[in-house]
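S.K.: sharing a model that was predicted from the sequence below.
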Amino acid sequence: MTSDMSALREQYDRDGFVVVRKFLKGDELSRLQHELQRYIAEVVPHLPDSDAFYVDRSRPETLKQLQHMGGDVFFAEYRHHAGWGELAAALVGESCEAQEPEWFNKPPGTSHETPPHQDNFYFCLQPPHVATLWLAIDPVDTENGCLRYVSGSHRGGYRPHQRTQMVGFSQGITDYGPQDESREVVVELQPGDLVAHHGMTIHRADANRSPDRHRRAFAMVYRGDSCTSDEAARRRYEESLAAQHESLGLAGN
């Protein structure tokens with residue numbers, strides 16, 4: 001491991017997250033941005049409700065989240081990107097496998113907040129050797145809903161979650177309070193900057209209060225080779241997710 005990677009791993013282990021400035025730049029960033037635009041224009045109109053979430057489905061400009069992007073040739077291959085994989089393995093501390101890419105957005109002027117949560121409550125992996133690598137596509141700041149991390153929270157175990165009405169984030173922490181808020185770290189990013197966080201790190205995001213700026217990001221989750229699925233926890237989560245989708249009238253195909 002290089003000295004730079006060792007320093008990143010030290011910050012990640014201490015805080016539960018780490019920022020990598022200019023992780024992608026130049027042609028590499030432009031190519032990813034171009035392929036995301038292509039995917040949204042050509043593929044998204046044909047996706048099931050469970051793979052493309054909107055603030056208002058009748059308004060395509062309110063697209064807010066994409067899942068299961070690995071069916072596309074470009075994004076299936078992108079899972080094997082060497083730079084992303086090298087960073088993930090260094091942070092997790094073992095060989096990793098990239099899961100299907102995802103895309104996130106907070107459209108301008110939308111009121112939805114991302115509830116405080118721990119990713120591994122969704123993933124249900126033991127041990128929780130899993131990291132999310134989140135790359136800014138737009139400038140991301142306090143106005144348009146940047147990520148906020150509770151520093152060191154990855155060491156505190158699971159917090160209680162319950163079902164939310166937020167599509168794409170079906171579970172939120174129920175006892176998030178002033179003690180958590182006092183430890184929040186605001187992470188502002190420029191396009192091409194990346195933040196990586198541990199699967200147990202508590203994080204959230206405010207609404208996008210900007211009248212004209214999106215807050216778009218591309219992400220991949222990396223699962224360590226030592227991870228196994230906690231099947232009982234996964235069944236509970238999938239049942240809760242299905243109940244949420246049914247209550248919101250979302251079709252599965």
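M.R.: Thanks, I have the structure now.
S.K.: from here on, just use CA atoms for contacts and neighbour counts.
M.R.: Will do.
S.K.: so Asp13 is in which element?
M.R.: Assigned by DSSP states H and E, Asp13 falls within helix 3-15.
S.K.: that helix - contacts with which helices or strands?
M.R.: strand 17-20, helix 82-92, strand 194-198 (3 or more Cα pairs under 8 Å, 6 or more residues apart in numbering; DSSP states H and E).
S.K.: which residues does the helix or strand that the shortest one is followed by contact?
M.R.: Past strand 17-20, heading to the C-terminal end, the next element that is a helix or strand (DSSP H and E) is helix 26-38. The contact list for helix 26-38, computed with Cα atoms under 8 Å, 6 or more residues apart in numbering, reads Phe74, Ile137, Gly192.
S.K.: ignoring the adjacent residues along the chain, who's closest to the last one?
M.R.: Leaving out its chain neighbours, the residue that sits closest to Gly192 by Cα to Cα, 6 or more residues apart in numbering is Leu24, at 4.6 Å.
S.K.: quick revisit: drop the exposed ones from the contacts of helix 26-38 and show what's left.
M.R.: Taking 16 or more other Cα atoms under 10 Å as the criterion, what is buried in those is Ile137, Gly192.
S.K.: looking at the contacts of helix 26-38, which is nearest Phe218?
M.R.: Nearest to Phe218 among the contacts of helix 26-38 is Ile137, at 6.9 Å by Cα to Cα.
S.K.: which stretches of the stretch 1-150 of the chain have low pLDDT?
M.R.: Residue ranges of the stretch 1-150 of the chain with pLDDT under 70: 1.
S.K.: tell me who's in contact with Arg9.
M.R.: Arg9 makes contacts with Ala90, Leu91, as judged by Cα under 8 Å, 6+ apart.
S.K.: can you map out the helices along the stretch 51-200 of the chain?
M.R.: Assigned by DSSP state H, counting those that start in this stretch, the helices in the stretch 51-200 of the chain fall at 73-78, 82-92, 119-123, 178-181.
S.K.: take the ones you listed and write them to a markdown table, including distance to Gln65.
M.R.: Below are the helices of the stretch 51-200 of the chain laid out as a markdown table (distance: least, Cα to Cα, whole Å):
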| stretch | distance to Gln65 |
| --- | --- |
| helix 73-78 | 15 |
| helix 82-92 | 21 |
| helix 119-123 | 16 |
| helix 178-181 | 26 |
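S.K.: let's have the contacts of helix 26-38 in a markdown table, adding distance to Asp13.
M.R.: Formatted as a markdown table, the contacts of helix 26-38 follow (distance: Cα to Cα, whole Å):
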| residue | distance to Asp13 |
| --- | --- |
| Phe74 | 32 |
| Ile137 | 26 |
| Gly192 | 23 |
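S.K.: which one, of the helices of the stretch 51-200 of the chain, ends up nearest to Gln11?
M.R.: helix 82-92 (9.4 Å).
S.K.: buried sites along that closest one?
M.R.: Going by neighbour count (16+ other Cα under 10 Å), the buried part of helix 82-92 is Trp84, Gly85, Leu87, Ala88, Ala89, Ala90, Leu91, Val92.
S.K.: what's the angle from that helix to strand 194-198?
M.R.: 40 degrees (axes from the mean of the first three to the mean of the last three Cα atoms, to 10 degrees).
S.K.: tell me how far helix 82-92 lies from the chain's centre.
M.R.: In terms of Cα atoms, centre = their mean, to the nearest Å, the centre of helix 82-92 is set 16 Å apart from its chain centre.
S.K.: do the same with stretch 7-25
M.R.: In terms of Cα atoms, centre = their mean, the centre of stretch 7-25 is found 15 Å from the chain centre.
S.K.: thanks again, I'm all set now.
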